[in-house]
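[1] coords please:
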Amino acid sequence: NGAGIHAITGGTSAFGNLELEDTNGATITGTGTTTLSGTLTITQGTLTLNAFTTAFAVNGTTTIGNGATTGTLTIANAAVTRTFIGLVTVGANGTWNNSSNAPVILRGGITNNGTFTAGTGLHTFNTNPQALTGTFSIPNITSAIVLTNNNSLTVNTALAGAGSLTQAANATLNIGFTGAIGITTLFANANGNTVTYNFNGAQTIKAPSVAYYHLVTDIAGTKTLAAATTINGNLTVSAGTLADGGFALQVNGNVINNGLHTGAGSITLTGGTVAHNLSGTGSFQNIVMNDANGASLGSNTTINGNLTLTNGRILLNNFNLLMATTAAAIAGAPSSANMVVVNGTGQMLKYINNAGLPITFTYPIGDNSGIYSPATLTFTANTVAGLVGAKVFNIKHPNNAQVTDLINRYWCFTSALTNYTYSAALKYDVT
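    Numbers count the residues shown, from 1 in each chain. Predicted coordinates for the structure are as follows:
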């Protein structure tokens, strides 16, 4: 406990262990290299690292504010690199303040339970496998080793290096810079972890080593797949455009789309353990249904390109499935096992143009009884373009007075067209 701020100065200096336990604080200024061969402990007060001619290094662990009093490490000069070889621990009453934007080298990882201000300087993780435990916003990272994110990491400038980043279970990673992730390998398949691309502009979605668990794209701009990608959990397009780049994006969980999906590839629903759920206010380009567990709509859903029914049923519930102006004929192998199921108030809609006639479209619909009952409409004349909806009911039409000569089924159509001519072929597939 001094009467003022302690000042440590000198040329090339070597210390063993250094502990600050004085609210008046201390400063270190070196004209050479300052090395702590042991540990750095800031129990209370602020230790300020001022200018150094060459370098400052701590060979042991660094502990800041891990007790009942407040401790702060302030890096006040960005002229040289600070190296921390042991684990850096920022306690509940601790503050790491690198607002000077100094470059930092880390070889033992960081545990943060307090306040961590990284600044914009490059943070290099090298030599040893390391972990980030706690909540971090480190704009500029390069890693030459296996770096594990245990909790929450935000990177807004660069994530690069010849090493790897591993997402632990339930961890979150926010990528807030344009372009592509430069780090060699990304492991993001641990249960419950989420990777979010949230730069306000163009981003490239890195293909992970195995798969993403949850993948989120957010904020305006286009996020583009770099390769075919698998998502073991959920896909969320919160805003902007998800461009598939011509690749298949395989989703084993649910899809929440409040943006725009584009591209010549597809979002493929497959590999799930239960039915997929499609929801949101956005639109899709190409959807492939390839899971016997099927899918269920949680909101009105628009497809601008192709719907391919390879395996599994899509349940409409009380929502509409809209095939837009540019949507093509249904692909795949529609059948009682692969169809759109009318099981509520929802209907399947197709936009019918008033040019390029005749137009033929088959609604691959059925109902919960499992009977495939497609309706094919051919329009040979139409004055005003619009939507035509189709539903099927597993019951005799209420206006049908027949008792014996009937089918236990009828179709219902809604139309926004004007002055149109069409023919209908209705199939009742009891097989």
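[2] What ranges in the stretch 201-350 of the chain fall below the confidence cut-off?
    Applying pLDDT under 70 to the stretch 201-350 of the chain flags no residue at all.
[3] tell me the mean pLDDT over stretch 99-107?
    Mean pLDDT, stretch 99-107: 97.
[4] So which bits of that stretch are buried?
    100, 102-107 (16 or more other Cβ atoms under 10 Å). Using the backbone N, CA and C atoms, a C-beta is placed for each residue, glycine as well.
[5] which residues touch it?
    Identification of contacts with stretch 99-107 by Cβ atoms under 8 Å, 6 or more residues apart in numbering yields 74-86, 88, 98, 117, 119-128, 130.
[6] Kindly format the C-alpha coordinates of it as CSV.
    This file holds the C-alpha atoms of stretch 99-107, laid out as CSV (Å, rounded to 0.1, in the frame of the first residue of the first chain):
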residue,chain,number,x,y,z
SER,A,99,-8.2,-0.2,-25.8
SER,A,100,-4.7,0.8,-27.2
ASN,A,101,-5.2,-1.9,-29.8
ALA,A,102,-1.9,-3.6,-29.1
PRO,A,103,-1.0,-6.9,-30.7
VAL,A,104,-1.1,-9.8,-28.2
ILE,A,105,0.4,-13.3,-28.4
LEU,A,106,-1.3,-16.0,-26.3
ARG,A,107,-0.1,-19.6,-25.6
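[7] next one: it to chain centre, how far?
    Averaging C-alpha positions (Cα atoms, centre = their mean, to the nearest Å) puts stretch 99-107 28 Å from its chain's average.
[8] Could you do stretch 384-392 as well?
    Counting by Cα atoms, centre = their mean, stretch 384-392 comes out at 35 Å from the chain centroid.
[9] what does stretch 161-172 give?
    Counting by Cα atoms, centre = their mean, stretch 161-172 comes out at 14 Å from the chain centroid.
[10] So which residues make contact with that stretch?
    Everything outside stretch 161-172 that qualifies as a contact, by Cβ under 8 Å, 6+ apart, is 124-125, 141-153, 159, 173, 182-196, 209, 213.
[11] Tell me where the stretch 1-150 of the chain is predicted with low confidence.
    Residue ranges of the stretch 1-150 of the chain with pLDDT under 70: 1-2.
[12] All the helices of it, residue numbers only.
    Applying DSSP state H, counting those that start in this stretch to the stretch 1-150 of the chain gives no helices.
[13] Tell me how many other residues surround Pro358.
    Neighbours of Pro358 under the rule other Cβ atoms under 10 Å: 12.
[14] any idea which element the nearest residue to it once chain neighbours are set aside lies in?
    Spatial nearest neighbour of Pro358, excluding adjacent residues (Cβ to Cβ, 6 or more residues apart in numbering): Thr380 at 4.7 Å. With secondary structure defined by DSSP states H and E, Thr380 is part of strand 375-381.
[15] And that strand, how far out from the chain middle?
    41 Å.
[16] can you pull the buried residues of that strand?
    Quick answer for strand 375-381 (16+ other Cβ under 10 Å): 375, 377, 379.
[17] Parallel or antiparallel, which strands does it pair with?
    In the sheet, strand 375-381 lines up against strand 359-363 (antiparallel), strand 421-426 (antiparallel) (DSSP bridges).
[18] most packed of the ones you listed?
    Ranked by mean neighbour count, those are led by strand 359-363 with a mean of 20 (mean count of other Cβ atoms under 10 Å).
[19] Does anything pack onto the helix or strand that that strand is followed by? Which helices or strands?
    Using DSSP H and E, the helix or strand that follows strand 359-363 in sequence is strand 365-366. Applying 3 or more Cβ pairs under 8 Å, 6 or more residues apart in numbering; DSSP states H and E, we find strand 365-366 packed against strand 340-341, strand 386-393.
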